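Asker: Provided below for reference: sequence and predicted model.
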Amino acid sequence: MGCGKTTLAKKLASRLSYQLLDLDLEIEKRAGMPIGAYFAAHGEDAFRLLESETLKTMDYMADAVIATGGGAPCHFDNMEWMNQQGLTIYMEMAPAALARRLEKGKAKRPLLKDLDQAGILHFIGQKLQERKLWYHQAQLIVSGVNLDAASMEKLIREKLSGPRSEIAPL
Ligand SMILES: Nc1ncnc2c1ncn2[C@@H]1O[C@H](COP(=O)(O)OP(=O)(O)O)[C@@H](O)[C@H]1O
Ligand SMILES: O=C(O)C1=C[C@@H](OP(=O)(O)O)[C@@H](O)[C@H](O)C1
Ligand SMILES: [Mg+2]
């Protein structure tokens, strides 16, 4: 949460003229309500089921940039599934930098909405620790700090032209 997936996916899709999808928006369309309301009405376990089902059944073109929510890779076999579909990227950032960015947007994130700044920092640190097992399965790991679409495109092209890449070039 907060590393800039939603923001950068939009810019990257526009730069590459690729389709853009944000898994959270697709979930909101299916649920007919914002994620915060879905969490409040049905709880996190139901959200994770809907998230996994949406991830695996939404229509997307071969040329697509897809931003997921930060928890999506860490439930069910979602990460393995994504790794079979395309190039997965983890935008890594330190907890303090994430917490600073998330203070403003916490109302939209049900897991953070009731926490103060110190609470967000603690929660993010704990989640990163729990989730790194999945995040480190990403095929490309980049720093999310000061990352713009041009730099991201360059990093992706370098990865795809690498000697052991099994993914078709852009
Ligand atoms: N490169 C960046 N530099 C500074 N702030 C950013 C950057 N990218 C995103 N943000 C801000 O950080 C917050 C989280 O961004 P968002 O794209 O929603 O992240 P995610 O989808 O990973 O949770 C937003 O307030 C956004 O404006
Ligand atoms: O990390 C998480 O568990 C979540 C991240 C959110 O997406 P972003 O990572 O885009 O904020 C959203 O899916 C939901 O609030 C849960
Ligand atoms: Mg997002």
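Answerer: Thanks, I have the structure now. Ligands and ions are numbered 1, 2, ... in the order given.
Asker: ok, longest helix in this structure?
Answerer: When the chain is parsed with DSSP state H, its longest helix is helix 117-135.
Asker: list the helices and strands that helix packs on?
Answerer: Helices and strands touching helix 117-135, by 3 or more CB pairs under 8 Å, 6 or more residues apart in numbering; DSSP states H and E, are helix 95-105. Bear in mind the C-beta positions are built from the backbone N, C-alpha and C, glycine included.
Asker: change it to 10 Å
Answerer: On a contact count with 3 or more CB pairs under 10 Å, 6 or more residues apart in numbering; DSSP states H and E, helix 117-135 meets helix 78-85, strand 89-92, helix 95-105.
Asker: mind listing the strands for this structure?
Answerer: Taking DSSP state E as the criterion, the chain contains strands spanning 19-22, 64-67, 89-92, 140-143.
Asker: who's in contact with the residue nearest in space to the middle of the chain?
Answerer: For the chain, the residue nearest the mean C-alpha position is Thr68 (3.4 Å; CA atoms, centre = their mean). Neighbouring residues of Thr68 by CB atoms under 10 Å, 6 or more residues apart in numbering: 5-6, 9, 21-24, 26, 51, 54-55, 78-79, 82, 88.
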